[in-house]
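>>> Fold the following.
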Amino acid sequence: MASIQERKKNGKPSYTAKIRLKGHQPVFQTFTRKTDAVRWASQTEAAITEGRFFKTAESQKHTLSDLIQRYIRDVLPRKAKVYVEYASQLKWWEEQIGDVRLSDLSTALISEKRDLLSRTITNRKKQMSPARVNRYMAALSTALNTSIREWEWMEDNPMRKISKLKEPRGRVRHLSKDERESLLAACKDSVNNHLYLAVVLALSTGARQQEIWGLQWSEVNFETGFITFTETKNEESRSVPLKGHACKLLLEHYRIRRKDSDIVFPSKKNPAVSYDFRNPWKKALVVAEVEDFRWHDLRHSCASYLAMNGVPMRTIAEILGHKTLSMVQRYTHLNAEHLTEAISDMNRKIFP
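Predicted structure coming up:
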């Protein structure tokens, strides 16, 4: 219940509004005009009753820096896959607007910093891509949502009204027959004995870079002919057939594997961590004279070969681990011959 107490100092009156409600800590505020005290008491009492007031009070006590530091300390350790990336991105936000109180964190301010990000020149001397800017935004939004749901530091996420930057459609770069033969030959001749196997596995399974580099023997089942990737991007296990040349090579590698590590491609210096293929991979690309090609494009190549062989889009999505068909629609044009046969067959049946 609210009460207004009048006091005078040096002949000037002041009015202190006090609110005491059962189950809540008392709050008070002093004003020079009684009407302001009455208005504040009425609005605050309603806010307390509706459960809004103390959340607002928390947002006034904490800065964005407080939020980011707590999130990195208490939450990120449970998100090992994104720890490094999120920590780096959140620290950028902290440098830019870390001193801003959460109660003053506005949509306009965050939008201003988003635009600053989009003009940033990266280490590669290129302007930051819309996709990367969106990842910075996603990291901050995730931290803010945690403070709302779990800590009750904020009532609403100011990023809810901010639109993502439009990203260009993902590229589809796959190896031509000649490029594939040249690259595989260069990998086979590489000073790294395992590069060829790693590339063959990537091409035959469509697995992501870290799924191949971090593959463990416990995920390989030669009896059933399947690899079950457990450390995936969407954190859901995915089983992919292990057949033909890839299976034969992996079985040969298994027979001479290191017994002190479960990792298929362990580091030479420390068998507890995976080998980093970046240097031998780059050298193989130079030797093979294959340009504008990344390791991730081996995944695109696998999907493209599947599409060109008439494999349904839904099956390709399942092999790649995509939950929706939207991510594999980029390969539809490679399936044109298969679609032509389907339409021709339908026309023959309905127009004899």
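>>> Next, the buried residues of stretch 108-123.
If you call a residue buried by 16 or more other CB atoms under 10 Å, then stretch 108-123 has these buried ones: 110, 111, 113, 114, 117, 118. Yep, even glycine has a C-beta here, placed from its N, CA and C like the rest.
>>> which stretches of the stretch 151-300 of the chain form strands?
220-221, 226-229, 238-241 (DSSP state E, counting those that start in this stretch).
>>> any idea which of these is most buried?
strand 226-229 (a mean of 19; mean count of other CB atoms under 10 Å).
>>> So for it, mean pLDDT?
Across strand 226-229, the average pLDDT comes to 93.
>>> Stretch 320-339 too?
74.
>>> ok, now stretch 79-94?
Mean per-residue pLDDT for stretch 79-94: 89.
>>> before we move on, the earlier item: need the strands of the stretch 151-300 of the chain in a markdown table with distance to residue 250, can you?
Output for these, formatted as a markdown table (distance: least, CB to CB, whole Å):
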| stretch | distance to residue 250 |
| --- | --- |
| strand 220-221 | 7 |
| strand 226-229 | 8 |
| strand 238-241 | 12 |
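>>> wait, which of the ones you listed is closest to residue 296?
When the strands of the stretch 151-300 of the chain are compared by CB to CB, strand 226-229 sits nearest residue 296, at 15.3 Å.
>>> Report the strands that pair with that closest one, each with its relative direction.
Strand pairing for strand 226-229, using DSSP bridges, gives strand 220-221 (antiparallel), strand 238-241 (antiparallel).
>>> can I get these in TSV with distance to residue 228?
Formatted as TSV, the strands paired with strand 226-229 follow (distance: least, CB to CB, whole Å):
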stretch	distance to residue 228
strand 220-221	7
strand 238-241	5
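>>> Let's have those in JSON lines, adding mean pLDDT and distance to residue 251.
Formatted as JSON lines, the strands paired with strand 226-229 follow (pLDDT from 0 to 100; distance: least, CB to CB, whole Å):
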{"stretch": "strand 220-221", "mean pLDDT": "95", "distance to residue 251": "9"}
{"stretch": "strand 238-241", "mean pLDDT": "92", "distance to residue 251": "14"}
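>>> out of the ones you listed, nearest to residue 275?
Nearest of those to residue 275, taken as CB to CB: strand 220-221 at 16.4 Å.
>>> contact partners of that closest one?
Residues from elsewhere that reach strand 220-221 (CB atoms under 8 Å, 6 or more residues apart in numbering): 227, 228, 242, 250, 254, 264.
>>> please redo it, this time with the cut-off set to 6 Å
Defining contact as CB atoms under 6 Å, 6 or more residues apart in numbering, one finds that strand 220-221 is touched by residue 227.
>>> How far off centre is that strand?
Here strand 220-221 is found 28 Å from its chain centre; the criterion is CA atoms, centre = their mean, to the nearest Å.
>>> Same check on stretch 251-269?
For stretch 251-269 - counting by CA atoms, centre = their mean - the centre lies 30 Å from the chain centre.
>>> That one: end-to-end distance?
Distance across stretch 251-269, first residue to last, is 24 Å (CA to CA, to the nearest Å).
>>> and residue 310, which of the strands paired with strand 226-229 is closest to it?
strand 238-241 (17.0 Å).
>>> So residue 216 sits against residue 261, correct?
No. Under the criterion of CB atoms under 6 Å, residue 216 is not in contact with residue 261, lying 8.8 Å apart.
>>> what do these two both touch?
Going by CB under 6 Å, 6+ apart, no residue sits against residue 216 while also sitting against residue 261.
>>> Domain-wise, how is this protein divided?
2-51, 64-161, 177-344 (automatic domain parsing).
>>> Give me the mean pLDDT for the first one.
If I follow you right, that is domain 2-51. Domain 2-51 comes out at a mean pLDDT of 81.
>>> residue boundaries of the helices in the stretch 151-300 of the chain?
Applying DSSP state H, counting those that start in this stretch to the stretch 151-300 of the chain gives helices spanning 177-188, 195-205, 209-213, 244-255, 278-288, 296-308.
>>> Select, out of the strands of the stretch 151-300 of the chain, the one closest to residue 176.
That would be, of the strands of the stretch 151-300 of the chain and by CB to CB, strand 238-241, which comes in at 24.0 Å.
>>> Off-centre distance for the closest one?
22 Å.
>>> thinking again about what came up before, which of the buried residues of stretch 108-123 fall in helices?
Here DSSP state H is the test, and these give 110, 111, 113, 114, 117, 118 as lying in helices.
>>> ok, and what's touching stretch 265-278?
194, 198, 213, 214, 258, 260, 261, 263.
>>> rewinding a little: quick one: which of the strands paired with strand 226-229 is nearest residue 21?
Using CB to CB, the nearest of those to residue 21 is strand 238-241, at 53.4 Å.
>>> Let's see the pLDDT reported for residue 159.
For residue 159, pLDDT reads 93.
>>> That one is in contact with residue 141, isn't it?
Yes. Residue 159 is within contact range of residue 141, at 4.5 Å (criterion: CB under 6 Å).
>>> now residue 83, nearest residue through space, not along the chain?
residue 76 (5.1 Å; CB to CB, 6 or more residues apart in numbering).
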